[in-house]
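Undergrad: Would you be able to build a 3D model of this:
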Amino acid sequence: MRSKKIEPIPEMWPVMKELKARGFRFRVCAPNHLKIGKFNFWPGTGTIHIDGTSSALQEFGLAALLKYLEEQRARANRTTATPEERRARFHVVGSSPSEIDD
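TA: You can find the predicted model right below:
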């Protein structure tokens, strides 16, 4: 059975383009919800939530999300980690980036 395609809200398109441009893979979970690894982001409000935590982060917005993602990427790419550790630390859910091309 094929899943129904989710149509993102307009605020999500610039976010998805920026994530794609920076090489982050994501999944559209709902019209207003993106999942990037362990991060959940709602572009309409700028809310960021990390899996396993009980509340949203105090910082919000795309700039804050990108900061957290880049920090996680930097930690994952430290030379002390093995390739397997790096992949495990920054495993992201796939997306369909071709759908967000201009």
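
Undergrad: quick one: contacts for Y68?
TA: Contacts for Y68 (C-beta atoms under 8 Å, 6 or more residues apart in numbering) come out as F39, I48, L57. Glycine gets a C-beta too; all of them are placed from N, C-alpha and C.

Undergrad: which one is the second one nearest to, not counting chain neighbours?
TA: Nearest residue to I48 in three dimensions, chain neighbours excluded: L57, at 4.5 Å (C-beta to C-beta, 6 or more residues apart in numbering).

Undergrad: mind checking the SS state of the one you found?
TA: When the structure is split into helix, strand and coil by DSSP: H, G, I helix; E, B strand; the rest coil, L57 lands in coil.

Undergrad: per-residue confidence at L19?
TA: Among the per-residue scores, L19 shows a pLDDT of 96.

Undergrad: any idea how far the residue lying closest to it once chain neighbours are set aside lies from Q58?
TA: Computed as C-beta to C-beta, 6+ apart, the closest residue to L19 that is not its neighbour in sequence is F26, at 5.4 Å. Distance check for F26 against Q58: by C-beta to C-beta, to the nearest Å, it reads 22 Å.

Undergrad: Neighbour count: the two, which is higher?
TA: Remark: of F26 and Q58, F26 carries more neighbours, 24 against 7, as counted by other C-beta atoms under 10 Å.

Undergrad: Helix, strand, or coil at P10?
TA: Under the three-state scheme (three-state DSSP), the conformation of P10 reads as coil.

Undergrad: just the helices in the chain please.
TA: Secondary structure of the chain (DSSP state H): helices at 12-21, 62-76, 83-89.

Undergrad: Out of those, which one sits most buried?
TA: For these, the stretch with the most neighbours on average is helix 12-21, a mean of 17; neighbours defined as mean count of other C-beta atoms under 10 Å.

Undergrad: which residues touch that one?
TA: Here helix 12-21 makes contact (C-beta under 8 Å, 6+ apart) with 8, 25-26, 28, 31-32, 34, 36, 41, 43, 62, 65-66, 69, 95, 97, 100.

Undergrad: So among these, which ones count as buried?
TA: When neighbours are counted using 16 or more other C-beta atoms under 10 Å, the contacts of helix 12-21 contain these buried positions: 8, 25-26, 28, 32, 34, 36, 41, 43, 62, 65-66, 69, 95, 97, 100.
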